[in-house]
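1. got a predicted structure here, sequence first:
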Amino acid sequence: AQSVTQPDIHITVSEGASLELRCNYSYGATPYLFWYVQSPGQGLQLLLKYFSGDTLVQGIKGFEAEFKRSQSSFNLRKPSVHWSDAAEYFCAVGAREYGNKLVFGAGTILRVKS
Amino acid sequence: NAGVTQTPKFQVLKTGQSMTLQCAQDMNHEYMSWYRQDPGMGLRLIHYSVGAGITDQGEVPNGYNVSRSTTEDFPLRLLSAAPSQTSVYFCASSRTQGNTEAFFGQGTRLTVV
């Protein structure tokens, strides 16, 4: 079955430090991938997406992610974290071969210390 | 520009009660879906619809019903609430099913006692 793994439940970084959130997937087909962010008490907002083409994608708020097919990964990065980036981050994966149903990872909670 | 609107934001039910969570979108999106969010489990798909009159089950459909009589509305019904249905529920819509951005509502926090 399809699965999405976000290995880190919590991550704490200092403001101004770089960030990498990991996402690994298990799919028997070519997937499309998303990263969403959820602030406390809010819905999910799309940060970026990968459908095809250039494997390095840029998103909003200075985030980027790289699709690595050989590693089945789609890690999210930001060079310098701001206190306002504290939130929960979800990786989501879908594929036409699996009915285009999105499967979400369990989420990573990011804490930013000043 | 409302996007996806969910009501209510909070609800407390007694075991065995029924209720309907409302979801409406004003973007003329074909695809709508309901998810539940539980700690450490991410979002799991309950039901989805690819257009008016068409619905299908997701990963965790038991105990829930849906209907899609119009493009705009996609209500989720809890038939007989159970404590295991305590969760945060999100409605989402997207232009089509597949590799298009999903827009999420603000969520409904449901507690079943």
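-> The structure has been received and is ready for your questions.

2. so which bits of chain B are right by chain A?
-> B:4, B:35, B:40-45, B:48, B:58-59, B:90, B:92, B:97-99, B:101-102, B:104-107 (C-beta under 8 Å from any C-beta of the partner chain). C-beta here means a position set from N, CA and C on the backbone, and glycine is covered the same way.

3. which members of those residues are classed as buried?
-> Buried by 16 or more other C-beta atoms under 10 Å in any protein chain shown: B:4, B:35, B:42-45, B:48, B:58, B:90, B:92, B:97-99, B:102, B:104-107, out of those.

4. list the ones among those that fall in strands.
-> Among these, the ones falling in strands (DSSP state E) are B:4, B:35, B:42-45, B:48, B:90, B:92, B:104.

5. mind telling me what element residue 12 is part of?
-> Chain wasn't specified; assuming chain A. Per DSSP states H and E, residue A:12 falls inside strand A:10-14.

6. hmm, no, I was thinking of chain B.
-> Residue B:12 belongs to strand B:10-13, assigned by DSSP H and E.

7. out of everything not next to it in sequence, what's closest to residue 55?
-> Picking chain A for this. residue A:67 (4.3 Å; C-beta to C-beta, 6 or more residues apart in numbering or on different chains).

8. that was the other one, I meant chain B.
-> Closest residue to residue B:55 apart from its sequence neighbours, by C-beta to C-beta, 6+ apart: residue B:49 at 4.6 Å.

9. brilliant, that's me finished.
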